[in-house]
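Student: Got a predicted structure plus its sequence, pasted below:
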Amino acid sequence: MPGSEHKPKALTVPVKDLQSTDNRTDIDTDGEAKIEQLDDRAFKYRVELVNRDGHRLKISHGAIEELVFTNSIFNWWTEGYLIYKNPKDWSERQSAESEDSLGTEMTTWRFRGDGRDYIRIYLDPITDQDPNKNLMVPGFEVPVYTIKLFCCIYEVEDISVNEGDGKKSKKISFWDQRYHAMQEKNSYWNTVDAATRKSDVGTFRQPASHLSNSQRSVSTGLAIQDLLETHLGEAEQGVPIEFEKDGEEITWDPGTTKIFHHAGGNETAADTLDYLLKCHNSSDSTKQQPCILQVSRDDKWSLLPFDEYYTRAYDKQLKQADGWLSEIFMIAGEGANEKNRIPPRPKTPRKGGDWYFNVYNEATNNVNDYEFTEMAYYDHPTSVAVHAYDHSSGQFVIHQEDGDISKAKQFFQSTVVDKAYGDTDSGAKAAMVLNKAKIENKAMTSVFAGSSSDRATALNIGRNETIKQMMYLGNAIKFNVKGMTNRQAGRLISVDRQSYYNETDYDSKILGCYFVTMVTHKITTEGYFNEIIGVKPYHFKDLKFNEEGAV
């Protein structure tokens, strides 16, 4: 039977104090976060369960077997699981006084099981690594480094190892409470109301039945904004929706086209958001690229085209790293006996002076082992011909020029890859290799766009799907390192070698700036770790593959 330090801490609280726990208004304080030693480092750390009835259960670090949560570029929400020790079902069988000394009614933890049980996680590095020196050690308390999660528990599982109920554990699976709210409720959202809310044009004071379909439509970017405000705004979540700003610029691309849509009866808000994102291309000024929806650590939303991530990571004029190139990771173990030799030129840019740029720490940023994967044959894109029916002319239309694989590669090179740090002679080069069959369009894919015959739709389901394949299915790296809270998807990282090495073309492929697609934070009894997955859709220099002559 584990000692008391390995049990969840039962905390009884007045019911009235937790009546608002189904929104995000009470997650921004670290007042109850204790200093915990997760490995050889100390963090301000809190894990607790709460629900609408005012039940509350603190999970001490000693009781946690695994706490895992993942942030991915493919999902704007965070999700994960917690496994904690639960001998003899202790967490739900604890006893508590029915009243405290002041006569206030108290309660103990119970799972509701209806999507109204929540987990709150707070994790923040402390600024003084000696937790015994001062009990009031401050945390960083900045969005880059402070993790604050408020998630809904959607599944609870009992774990038994057939060694008696004194060895039982409990596993709870969770995802962001905002995502739960959006995928639980029917949407009933429509562009007619969105256009009315987003426009000051007088015609929108007319009944909707008097408006044209064009007047009932709204740009896809504004539609996504309105949907988020409708389902996650202050009336629903207790806090207003905020959109990210970069200086005075709002980092939100309004998109190219307007959309006319009314959510169906079985369509949830999450379904509607997914549909709007599939219809969205960036604006004409950014060449109608694919976009990525994200929500930051401080709950600010952004919708940015692919090239913006590289533009904000590398300043080509100053030839140095910029704010969104967050960390340097060094592949260790090579050149240890050749310290006096001059290493090859770094494959990643640097910037000094700003403490949160280009962070490198030998204890947390050395990569001892990694997996490197290149694009597989079956993931290799081809030219795409988009077929559609034009109702106005009564004719079938085929959009093929934009979907041509050679032109798509040129577009990706000029729009995204040219923004990356590359060799001084040839610059960075798109990593996707073509052959003669692809170039001459002897291998093609056909897609039917229905009655949407406009070019923007053709770009969306044709060329832009190819761009996504070039971005996400090319060179990829995966490695495990000691954990840090600042790591998140949607930023770029540097991967370089630490000292002298014999440079080959392989280094041009593997070294450079990776766009982070997934970060997993994992806390166990052994410590705090990260698994990082990143993609590098370019080579550091031109490897001069023969494309025209390849049959």
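Tutor: Yes, it's here. Remember, it's a predicted structure, so these values are computed and weren't measured experimentally. Numbers count the residues shown, from 1 in each chain.
Student: Which of the three states applies to Val495?
Tutor: strand (DSSP: H, G, I helix; E, B strand; the rest coil).
Student: Enumerate every residue touching the nearest residue to it once chain neighbours are set aside.
Tutor: Of all residues beyond its chain neighbours, the one nearest Val495 is Phe329 (5.2 Å), with distances taken as C-beta to C-beta, 6 or more residues apart in numbering. Placement of C-beta: from N, CA and C, glycine included. Taking C-beta atoms under 8 Å, 6 or more residues apart in numbering, we find Phe329 in contact with Tyr360, Asn365, Asn366, Val367, Phe479, Val481, Ile493, Ser494, Val495, Asp496, Ile532.
Student: Which one of those is nearest to Asp322?
Tutor: Ser494 (12.2 Å; C-beta to C-beta).
Student: any idea how far that closest one lies from Tyr360?
Tutor: 8 Å (C-beta to C-beta, to the nearest Å).
Student: Over to Ala443?
Tutor: Relative to Tyr360, Ala443 is positioned 44 Å away (C-beta to C-beta).
Student: Please name the nearest non-neighbouring residue to His380.
Tutor: Leaving out its chain neighbours, the residue that sits closest to His380 by C-beta to C-beta, 6+ apart is Met432, at 7.4 Å.
Student: Am I right that that neighbour is in contact with Asp379?
Tutor: No: at 10.0 Å, Met432 does not count as touching Asp379 under the criterion of C-beta atoms under 8 Å.
Student: Between these two, which is the more surrounded one?
Tutor: In this comparison of Met432 against Asp379, neighbours counted by other C-beta atoms under 10 Å, the higher total goes to Met432 at 26 against 12.
Student: hmm, back to that, quick one: residues contacting the residue nearest to His380.
Tutor: So, once contact is read as C-beta under 8 Å, 6+ apart, Met432 ends up touching Met375, His380, Pro381, Lys409, Phe412, Met470, Gly474, Pro537.
Student: Show the buried residues in the contacts of Phe329.
Tutor: The neighbour count (16 or more other C-beta atoms under 10 Å) marks Asn365, Asn366, Val367, Phe479, Val481, Ile493, Ser494, Val495, Asp496, Ile532 as buried among these.
Student: is it true that the last one lies in a strand?
Tutor: In this case it means Ile532. Yes: the assignment for Ile532 (three-state DSSP) places it in a strand.
Student: Pull the contacting residues for it.
Tutor: Applying C-beta under 8 Å, 6+ apart, we find Ile532 in contact with Phe329, Ile477, Lys478, Phe479, Asn480, Val481, Arg487, Ile493, Val516, Met518, Val519, Thr520.
Student: Pick out whichever of the residues you listed sits closest to Asn162.
Tutor: Each of these was scored against Asn162 by C-beta to C-beta, and Thr520 proved nearest at 29.3 Å.
Student: which SS class is that closest one?
Tutor: Bear in mind the rule, three-state DSSP; under it Thr520 is strand.
Student: so it touches Val68, yeah?
Tutor: Yes: between Thr520 and Val68 there is a contact under C-beta under 8 Å: 6.4 Å.
Student: coming back round to it: which residues are in contact with both of Ser494 and Tyr360?
Tutor: Counting by C-beta under 8 Å, 6+ apart, the residues touching both Ser494 and Tyr360 are Glu327, Ile328, Phe329.
Student: related to what we said a few turns ago, tell me the secondary structure at the residue nearest to Val495.
Tutor: Using three-state DSSP, the structure places Phe329 in strand.
Student: Could you chop this protein up by domain?
Tutor: Under the assignment named as automatic domain parsing, the residue ranges that make up the domains of the chain are 4-177, 191-307, 325-551.
Student: how about the helices in this structure?
Tutor: According to DSSP state H, the chain carries its helices in the segments 90-93, 177-184, 191-198, 220-232, 234-237, 269-279, 306-311, 405-415, 436-439, 455-461, 463-472, 505-510.
Student: what comes up buried for the last one?
Tutor: This means helix 505-510. When neighbours are counted by 16+ other C-beta under 10 Å, the buried residues of helix 505-510 are found to be Asp507, Ser508, Lys509, Ile510.
Student: For the spatially closest residue to Lys509 that is not a sequence neighbour, grab the count of nearby residues.
Tutor: Of all residues beyond its chain neighbours, the one nearest Lys509 is His539 (5.7 Å), with distances taken as C-beta to C-beta, 6+ apart. Counted by other C-beta under 10 Å, the residues lying close to His539 total 25.
Student: Settle this for me: His539 is touching Ala428, isn't it.
Tutor: Yes: using C-beta under 8 Å, His539 and Ala428 qualify as a contacting pair, with a distance of 7.0 Å.
Student: which residues are common contacts for these two?
Tutor: Residues touching both His539 and Ala428 comprise Gly512, with contact defined as C-beta under 8 Å, 6+ apart.
Student: which stretches of the stretch 51-200 of the chain have low pLDDT?
Tutor: When the per-residue scores of the stretch 51-200 of the chain are filtered using pLDDT under 70, the ranges that remain are 94-108, 128-142, 198-200.
Student: how about the strands in it?
Tutor: 56-58, 64-72, 75-85, 106-107, 117-125, 147-159, 169-176 (DSSP state E, counting those that start in this stretch).
Student: need those in a markdown table with distance to Phe43 and mean neighbour count, can you?
Tutor: Shown next, in a markdown table, are the strands of the stretch 51-200 of the chain (distance: least, C-beta to C-beta, whole Å; neighbours: other C-beta atoms under 10 Å):
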| stretch | distance to Phe43 | mean neighbour count |
| --- | --- | --- |
| strand 56-58 | 16 | 21 |
| strand 64-72 | 12 | 20 |
| strand 75-85 | 16 | 21 |
| strand 106-107 | 29 | 16 |
| strand 117-125 | 6 | 23 |
| strand 147-159 | 10 | 18 |
| strand 169-176 | 20 | 20 |
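Student: As JSON lines, those strands with distance to Glu465 would be great.
Tutor: Shown next, in JSON lines, are those (distance: least, C-beta to C-beta, whole Å):
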{"stretch": "strand 56-58", "distance to Glu465": "46"}
{"stretch": "strand 64-72", "distance to Glu465": "19"}
{"stretch": "strand 75-85", "distance to Glu465": "19"}
{"stretch": "strand 106-107", "distance to Glu465": "52"}
{"stretch": "strand 117-125", "distance to Glu465": "35"}
{"stretch": "strand 147-159", "distance to Glu465": "31"}
{"stretch": "strand 169-176", "distance to Glu465": "27"}
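Student: what's the closest of those strands to Lys347?
Tutor: Closest approach to Lys347 among the strands of the stretch 51-200 of the chain is made by strand 64-72 (25.8 Å; C-beta to C-beta).
Student: and that closest one, what other elements does it pack with?
Tutor: strand 75-85, strand 512-524 (3 or more C-beta pairs under 8 Å, 6 or more residues apart in numbering; DSSP states H and E).
Student: Can you check which of those gets nearest to Arg197?
Tutor: Nearest to Arg197 among those is strand 75-85 (22.0 Å), distances taken as C-beta to C-beta.
Student: so how far is Ile523 from Phe67?
Tutor: Check again: residue 67 is Leu, not Phe. In this structure, Leu67 lies at 4 Å from Ile523, with C-beta to C-beta as the measure.
Student: Can you pull out the low-pLDDT segments for this protein?
Tutor: 1-32, 94-108, 128-142, 198-210, 246-250, 334-339, 352-358, 549-551.
Student: cutoff 50 now
Tutor: Scanning the chain with the threshold set as pLDDT under 50 gives 1-5, 10-21, 28, 95-100, 103-106, 131, 133-136, 200-204, 353-357.
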